[in-house]
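Enquirer: only the shape, not the letters, is given here:
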């Protein structure tokens with residue numbers, strides 16, 4: 001259930017199947033795994049093949065081939081809604097990835113043929129986009145951490161930038177960088193992330209304030225697990241924001257709090273309250289705020 005008080009003061013509410021996903025996975029040979037995931041999101045995504053990939057592992061080496069979410073961004077969160085860093089950076093592509101998983105260090109390189117052409121669009125189709133991902137983790141039960149650094153050669157190929165009003169051609173590819181960190185200290189966890197384009201788009205490609213936009217997003221989130229009346233509950237608070245992302249429909253600021261608990265085996269009940277602030281009128285926004293309340297019942301098995 002979602003109730004939303006929009007920027008223009010209009011109130012709406014809905015009950016929807018936000019996500020229904022089925023994942024089929026099988027080890028078909030030594031070191032070879034096949035995964036197929038189906039996804040349905042009411043009013044957003046018709047039933048489709050979300051992921052379909054073949055994975056191979058041998059020693060510290062691994063490879064993935066197929067359609068999957070490339071490793072650009074960490075997007076760790078305890079909220080019901082997706083963080084703004086995911087809204088900007090998530091990218092599902094048909095790609096080939098090779099990498100190394102050596103204990104605390106995971107590094108990989110992937111290539112794909114995106115939807116965006118450079119040189120203003122020349123109707124060519126080449127597998128020339130790529131990305132690099134690096135992650136470092138360590139610690140123990142008292143204190144653990146995970147750090148990530150990711151690069152993608154064409155941030156215009158992320159899912160949001162390929163949504164409504166998609167960028168189909170650019171003079172030159174605009175790359176992107178994402179940095180994230182997660183720290184867990186007993187029952188407390190902290191998630192930090194920053195995702196940004198490395199340069200400005202041309203004005204006709206993606207605009208902001210009379211010039212080419214350089215979109216970015218960040219998330220600062222703190223979570224804590226506590227026992228309440230015999231129930232173990234997860235609480236979280238988040239401060240998020242974007243820069244120069246008005247053209248892709250993201251708010252300038254977001255404050256959100258959430259609480260969740262298991263109500264039965266594998267069954268989680270969550271409540272989230274969020275307030276978005278639009279870009280100011282001087283930036284062609286409304287300068288208004290929007291409030292949203294979400295109650296989610298989720299089953300995972």
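Expert: It's in. Computed from a predicted model, the values in this text were never measured in an experiment.
Enquirer: poorly predicted segments of the stretch 1-150 of the chain, please.
Expert: 120-124 (pLDDT under 70).
Enquirer: to clarify, my last question referred to the stretch 201-301 of the chain.
Expert: For the stretch 201-301 of the chain, no range has pLDDT under 70.
Enquirer: so residue 72: helix, strand or coil?
Expert: Secondary structure, DSSP: H, G, I helix; E, B strand; the rest coil: residue 72 is coil.
Enquirer: so who does residue 84 touch?
Expert: By Cβ atoms under 8 Å, 6 or more residues apart in numbering, the contact list for residue 84 reads 217-219, 240-242, 250-251, 254. C-beta: built from backbone N, CA, C; applies to glycine.
Enquirer: run through the bridge partners of residue 133.
Expert: residue 108, residue 150 (DSSP bridges).
Enquirer: wait, I meant residue 274
Expert: Residues in beta-bridge contact with residue 274 (DSSP bridges): residue 256, residue 292.
Enquirer: shouldn't it be in contact with residue 5?
Expert: No: in this structure, residue 274 is not within contact of residue 5 by Cβ atoms under 8 Å, at 10.9 Å.
Enquirer: which residues are common contacts for the two?
Expert: What both residue 274 and residue 5 touch, as defined by Cβ under 8 Å, 6+ apart, is the set 291-292.
Enquirer: could you dump the contacts of residue 84 into a markdown table and include neighbour count, distance to residue 56 and secondary structure?
Expert: Below are the contacts of residue 84 laid out as a markdown table (neighbours: other Cβ atoms under 10 Å; distance: Cβ to Cβ, whole Å; DSSP: H, G, I helix; E, B strand; the rest coil):
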| residue | neighbour count | distance to residue 56 | secondary structure |
| --- | --- | --- | --- |
| 217 | 25 | 33 | strand |
| 218 | 19 | 35 | strand |
| 219 | 27 | 33 | strand |
| 240 | 26 | 37 | strand |
| 241 | 18 | 40 | strand |
| 242 | 23 | 38 | strand |
| 250 | 22 | 37 | coil |
| 251 | 22 | 41 | coil |
| 254 | 24 | 39 | strand |
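Enquirer: quick check: of those residues, which lies closest to residue 168?
Expert: residue 250 (20.1 Å; Cβ to Cβ).
Enquirer: contact partners for the closest one?
Expert: For residue 250, the residues meeting the contact criterion (Cβ under 8 Å, 6+ apart) are 84, 87-88, 160, 215, 217, 242.
Enquirer: and what of residue 268?
Expert: Neighbours of residue 268 in contact, by Cβ under 8 Å, 6+ apart: 260-262, 296-300.
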